[in-house]
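Novice: using only what follows, build the 3D model:
(one chain, ligands or ions: 1)
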Amino acid sequence: MLLQVRMEQLRVLVDRWLDELLPAISHCPQRLHEAMRYSALAPGKRLRPIMMMLTAEMLGADVNSVKHAACAIECIHAFSLIHDDLPAIDDDILRRGRPTCHVQFNEPTAILAGDALFALAFDLLSAPDGSVDAASQLAIIREVSRAVGTQGLVGGEMLDIESENQAIKAETLQLIHRRKTGMLLECSVVCGAILAGGDPSETAAIREYGLQIGIAFQVADDLLNVIGDPVLLGKATGTDEQMGKATYPGLYGIDETKRILHQRVCKAKCAIEPFGEAATTLLELADFVEERKQ
Ligand code: GRG
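Specialist: Numbers count the residues shown, from 1 in each chain. Next up is the predicted model:
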């Protein structure tokens with residue numbers, strides 16, 4: 001099956017799950033629930049849950065078996081986007097082709113919607129689930145906590161802010177990209193492997209795939225911020241330069257950045273070669289990360 005068709009099937013499934021698991025607007029506090037649903041259900045790629053589902057599938061599990069964890073990761077992603085767009089951080093007005101959460105609602109509501117999505121994520125990860133054993137559930141909670149904390153998203157965002165308008169070294173830039181973006185993508189595939197009962201060597205190979213794809217994804221994001229189409233992306237371009245952000249095109253130029261991106265994608269594909277034909281979709285997904293326009 002074509003990768004695009006499979007991704008679209010899984011995206012629709014994730015949206016159905018999210019619609020079911022997010023609090024209803026009719027429940028109090030209605031405005032908060034409206035803001036949570038506005039951001040979490042906005043048209044995005046759902047790449048992290050899709051990667052988790054494809055990893056579980058590669059190891060022989062049913063995609064439905066990762067439902068709660070997949071939605072938890074997407075809630076955390078939506079949370080990070082809401083907070084990233086706030087006036088105190090990037091001050092963006094457009095996300096996923098729509099006004100950002102604080103523009104559509106207001107700043108306090110956006111902050112609280114992000115916080116509530118974060119809490120919902122851990123509620124989903126820890127919910128009693130007959131199909132997952134307690135040890136695996138604890139392992140994924142730990143994995144997600146680490147991907148979000150000071151060594152993950154939050155720490156990466158802090159380093160990113162501190163690096164604005166500074167001349168930084170290549171290693172620092174890589175660290176920022178790995179933490180700010182890479183860790184949640186890596187965590188998505190590792191959770192998929194844990195939930196599917198992957199053995200330690202399988203999980204290590206999948207972690208390496210996630211690590212490389214995670215960095216590649218942010219390198220591609222840097223490129224798209226320079227040469228991408230804002231209509232396709234659903235957000236403004238040129239913002240990194242305006243904010244004095246540390247980026248790969250800024251440090252290496254466009255051509256070298258494309259070469260680095262290709263190198264990361266090759267490393268990712270190499271890591272999952274041992275899975276043979278079962279890895280076909282994740283291999284194609286690696287190419288998608290390199291070639292994506294949105
Ligand atoms: C505690 C979760 C948390 C966050 C607070 C604000 C912050 C710290 C971190 C920001 C992290 C961030 C927004 C990194 C950028 C990652 C990135 C490239 C996002 C775009 O992902 P896509 O392209 O978006 O998958 P869609 O809209 O398709 O889901």
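Novice: pLDDT value on S131, please?
Specialist: The model reports S131 with a pLDDT of 81.
Novice: contacting residues around it?
Specialist: Each residue near S131 by C-beta atoms under 8 Å, 6 or more residues apart in numbering is listed here: S65. C-beta: built from backbone N, CA, C; applies to glycine.
Novice: what's the mean pLDDT across the helix or strand hosting I215?
Specialist: Using DSSP states H and E, I215 sits in helix 200-227. For helix 200-227, the mean pLDDT works out to 97.
Novice: please apply the same query to stretch 253-268.
Specialist: So the average pLDDT for stretch 253-268 ends up being 97.
Novice: show me which residues of that stretch are buried.
Specialist: Neighbour counts over stretch 253-268 (16 or more other C-beta atoms under 10 Å) mark 257-258, 260-261, 264-265, 267-268 as buried.
Novice: got phi/psi on the residue of the chain found nearest the ligand?
Specialist: Relative to the ligand, the nearest point of the chain is G44 (2.9 Å; C-beta to the nearest ligand atom). When quoted as degrees, to the nearest 10, the phi and psi of G44 stand at phi -120, psi 180.
Novice: which residues touch the spatially closest residue to it that is not a sequence neighbour?
Specialist: Leaving out its chain neighbours, the residue that sits closest to G44 by C-beta to C-beta, 6 or more residues apart in numbering is R96, at 5.3 Å. By C-beta under 8 Å, 6+ apart, the contact set of R96 is 42-44, 234-235.
Novice: try 6 Å
Specialist: 42-44, 234 (C-beta atoms under 6 Å, 6 or more residues apart in numbering).
Novice: now M36
Specialist: 22, 113, 116-117.
Novice: again, only using 8 Å
Specialist: 22-23, 78, 113, 116-117, 120.
Novice: among those, which are in helices?
Specialist: 78, 113, 116-117, 120 (DSSP state H).
Novice: quick one: average pLDDT of stretch 139-154?
Specialist: Rounded mean pLDDT across stretch 139-154 is 98.
Novice: from the chain's centre, how far out does it sit?
Specialist: Offset of stretch 139-154 from its chain centre (C-alpha atoms, centre = their mean, to the nearest Å): 13 Å.
Novice: now stretch 75-88
Specialist: Averaging C-alpha positions (C-alpha atoms, centre = their mean) puts stretch 75-88 12 Å from its chain's average.
Novice: is any part of it close to the ligand?
Specialist: Yes. Judged by C-beta under 6 Å from any ligand atom, stretch 75-88 comes into contact with the ligand at 76-77, 79-81, 83-84.
Novice: returning to that earlier point: distance to A72 and pLDDT for the contacts of M36 - can I get that in JSON lines?
Specialist: Shown next, in JSON lines, are the contacts of M36 (distance: C-beta to C-beta, whole Å; pLDDT from 0 to 100):
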{"residue": "L22", "distance to A72": "12", "pLDDT": "98"}
{"residue": "P23", "distance to A72": "14", "pLDDT": "98"}
{"residue": "A78", "distance to A72": "11", "pLDDT": "98"}
{"residue": "A113", "distance to A72": "16", "pLDDT": "98"}
{"residue": "A116", "distance to A72": "13", "pLDDT": "98"}
{"residue": "L117", "distance to A72": "10", "pLDDT": "98"}
{"residue": "L120", "distance to A72": "8", "pLDDT": "98"}
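Novice: please consider this matter closed, and thank you.
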